[in-house]
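Student: Dropping a prediction and its sequence here:
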Amino acid sequence: MKIGILTGGGDCPGLNAVIRAVAKSLMLQCDAEVLGFEQGFLGMIEKKYRDLSYRDVSGILTAGGTILGTHNKANPFEYFGADGADVSQQVVDNYHELGLDGVVVIGGDGTMTIAHQLHKMGVRFVGVPKTIDNDLMHTDRTFGFDTAVSIATDAVDRLQTTGESHGRVMILETMGRYAGWIALHAGMAGAADVILIPELPFEIDEIARVCRAREERQRFTIIVVGEGAKPRGGEQVVRETIEDSPDPIRLGGIGNYLSEQLKSRVDSEVRTTVLGHVQRGGTPTAFDRILSTNFGIYAASLVAAGRFGEMVALKDGKLCSIELHKVANKTRYVPVDSLMVRAAAAVGTSLGRRDLNIDLAKPGDDLTI
Ligand code: F6P
């Protein structure tokens, strides 16, 4: 058996842990030959790959980034190197020329969408759900999310001590694209006073009211805002648009927008921290190392069983798989009646809206964290 591995889209803590688990278990259980495509789908388009030995994938569990490199522009259906040409048949031909029995593709929704399209053309894929944003459909968790939340929580903790000392409003802008998972979880873990997520467009006057009320008592306020959050009736703040990218919009700037809006409405000084790529760098948490390893082993078992066209998933604490077409081109948003949103409201955290009547969770409710 000969299997390829590819990491696509933005990098994420835990990629190397998955590569290690997939490769080692295929080598040990199936005596498979494993090769790694370099720089995501660019490796499949331009046939850039290297054979991976057991030694190559040893000692990488804790390493951040990806030993294979990645690329978030290399879409074979709109190849940026050839002015948006469709080079997908070249990928299919390369796959057959290399004598591959399948490819384990580790990525987010963009990568799964490409894999699904290529799968229909005869390239056999098994997917592994990666992204710090936790926004892939049909899996309760993606690997990398726990690490990003830990890093963002550490930032909230640190902003609290300096904010408290100076009596300031401290805003932390997290990543997460159009879903509020990172902001919500880090805000909860760090006991933020206000959490703003894209799924619940905020009212600036309500946030100012919370800050002013706290000025009278605690003197400081911590606000965690996801980069995709937006004012009610307003738009998301776009940092830049990247041409040639399958995902051209780069969000960012809502933290500074909020700060400008709040300055005239509160007495305290307002400061903003944009956490950025720190959330994606470095070693994965213990949880992500374990999740990535189990995802990788499960992906290898799907390969061994000839179950292609599926992505590994975690549902209600159990490993399972889901067909690629059910994941492609979709985003998993925070349900506004989820346990986490209700828990935030239950402990008095503002979600930036006055009109929210969120019921407390009751025993027996079907709610996931
Ligand atoms: O999808 C992961 C992510 O880190 C998002 O949270 C963020 O919006 C985006 O990627 C940033 O992309 P780039 O690394 O291209 O700036």
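Tutor: Noted; the coordinates are in hand.

Student: Please, where are all the strands along the stretch 251-369 of the chain?
Tutor: 270-274, 310-315, 318-323 (DSSP state E, counting those that start in this stretch).

Student: what about the residue nearest to Gly317 when sequence neighbours are not counted, how many neighbours?
Tutor: The spatial neighbour of Gly317 that comes closest, neighbours along the chain excluded (CB to CB, 6 or more residues apart in numbering), is Asp140 at 8.0 Å. Any C-beta I mention is one placed from the backbone N, CA and C, and that applies to glycine too. Applying other CB atoms under 10 Å, we find 15 residues neighbouring Asp140.

Student: Contacts only, for Asp140.
Tutor: Ala313, Leu314, Lys315, Asp316, Gly317, Thr368 (CB atoms under 8 Å, 6 or more residues apart in numbering).

Student: Give me the buried subset of the residues you listed.
Tutor: Listed as buried from those are Ala313, Leu314; burial here means 16 or more other CB atoms under 10 Å.

Student: For my notes, confirm Ile222 occurs in a helix.
Tutor: No. Under DSSP: H, G, I helix; E, B strand; the rest coil, Ile222 sits outside any helix and is assigned strand.

Student: quick one: the closest residue to it other than its chain neighbours and the ligand, what's the gap?
Tutor: Leaving aside its sequence neighbours, Ile222 sits nearest to Ala192 (CB to CB, 6+ apart; 4.6 Å). Computed as CB to the nearest ligand atom, to the nearest Å, the Ala192 to the ligand distance reads 18 Å.

Student: thought Ala192 was touching Ile223?
Tutor: Yes. Contact criterion CB atoms under 8 Å: Ala192 and Ile223 qualify, at 6.6 Å.

Student: Common neighbours of those two, please.
Tutor: Leu172.

Student: So if I had to pick from these two, which one is more boxed in?
Tutor: Remark: of Ala192 and Ile223, Ile223 carries more neighbours, 31 against 27, as counted by other CB under 10 Å.

Student: Now do the contacts for the closest residue to the ligand within the stretch 101-250 of the chain.
Tutor: Across the stretch 101-250 of the chain, no residue is closer to the ligand than Met175, which sits at 3.2 Å (CB to the nearest ligand atom). Taking CB under 8 Å, 6+ apart, we find Met175 in contact with Ile132, Asp133, Ala148, Ile182, Gly226, Glu227, Leu275, Gly276, Gln279, Arg280.

Student: Need the single longest helix in the chain, by residues.
Tutor: helix 145-166 (DSSP state H).

Student: ok, then the element right after that helix?
Tutor: strand 169-174 (DSSP states H and E).

Student: That next one: partners in the sheet, and parallel or antiparallel?
Tutor: Strand 169-174 pairs in its sheet with strand 221-226 (parallel), strand 270-274 (parallel), by DSSP bridges.

Student: for these, which one ends up most surrounded?
Tutor: Stretch with highest mean neighbour count among the strands paired with strand 169-174: strand 221-226 (a mean of 30; mean count of other CB atoms under 10 Å).

Student: near the ligand, which residues of the stretch 251-369 of the chain show up?
Tutor: Leu251, Arg280 (CB under 6 Å from any ligand atom).

Student: what stretches of the stretch 251-369 of the chain score poorly on pLDDT?
Tutor: 366-369 (pLDDT under 70).

Student: where along it do the helices fall?
Tutor: 254-263, 286-304, 339-346 (DSSP state H, counting those that start in this stretch).

Student: repeat for the stretch 51-200 of the chain
Tutor: With DSSP H, counting those that start in this stretch as the criterion, the stretch 51-200 of the chain has helices spanning 88-97, 109-119, 145-166, 181-189.

Student: For Gly107, give me its contacts.
Tutor: Leu6, Thr7, Gly8, Gly9, Gly40, Ala115, Gly127, Val128, Lys130, Thr131.
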